[in-house]
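In: coordinates only, sequence not included:
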């Protein structure tokens, strides 16, 4: 196993992404990218960015389905709808994450914006559930080399639900052996 000091040069914090190592085999977290929306002494939470649910968002609300795909945010609270957006203070109650990315806010206001046609593609994304860690749980997983912590490449990379290669893109962006990892097959036995 890799030394944590070398492996995770960037500490986990709000506004960073977690990239799963290629050998993690898990329905939610295998080859996942997670945006960390909070990380403090009480724990951490974020949303899986690259796992989707086959349901049209219009079945849940008044949103035009061309605006977004519904994502599996994680295994916690997966009966609840959460969202990221780029509206900032234009949406009451928004919480700033990083680089023009926000979470939460007044959902009725968001519905109103959608009804008025004020939402463009990649300005909002929806998640069923979230990914959560209790105190020191994420640090333990980092020591086990389950995750790589990285900076956000761009707001667009976080908000674009049409990019099916985000995990590969982020691994490749890390360079070195991670660039090679980005080309590993999901099932090496099929190689």
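Out: Good, I have the coordinates. Since this is a predicted model, take the numbers as computed values, not measurements.

In: which residues of the protein fall in helices?
Out: 4-7, 107-115, 137-143, 155-159, 166-174, 176-181 (DSSP state H).

In: Residue 30: which of these is closest?
Out: helix 166-174 (9.3 Å; Cβ to Cβ). Placement of C-beta: from N, CA and C, glycine included.

In: Going by neighbour count, which residues in that closest one are buried?
Out: By neighbour count on 16 or more other Cβ atoms under 10 Å, the buried set for helix 166-174 is 166-168, 170-171, 174.

In: Low-confidence stretches in this protein?
Out: Low-confidence segments of the chain (pLDDT under 70): 1-8, 56-68, 185-191.

In: follow-up on the earlier one: so can I have CSV of the buried residues of helix 166-174 showing distance to residue 106?
Out: Shown next, in CSV, are the buried residues of helix 166-174 (distance: Cβ to Cβ, whole Å):
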residue, distance to residue 106
166, 28
167, 32
168, 36
170, 31
171, 36
174, 37
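
In: And for residue 26, the neighbour number?
Out: By the criterion of other Cβ atoms under 10 Å, residue 26 has 11 neighbours.

In: any idea how far residue 75 is from it?
Out: Distance check for residue 26 against residue 75: by Cβ to Cβ, to the nearest Å, it reads 10 Å.

In: Residue 184 now?
Out: Distance from residue 184 to residue 75, by Cβ to Cβ: 24 Å.

In: Which residue, other than its chain neighbours, is closest to residue 78?
Out: residue 129 (3.1 Å; Cβ to Cβ, 6 or more residues apart in numbering).

In: my read: that neighbour touches residue 81, true?
Out: No: taking contacts as Cβ atoms under 8 Å, residue 129 lies outside contact range of residue 81: 9.0 Å.

In: So if I had to pick from those two, which one is more boxed in?
Out: Set residue 129 next to residue 81 and count neighbours by other Cβ under 10 Å: residue 129 wins out with 21 against 16.
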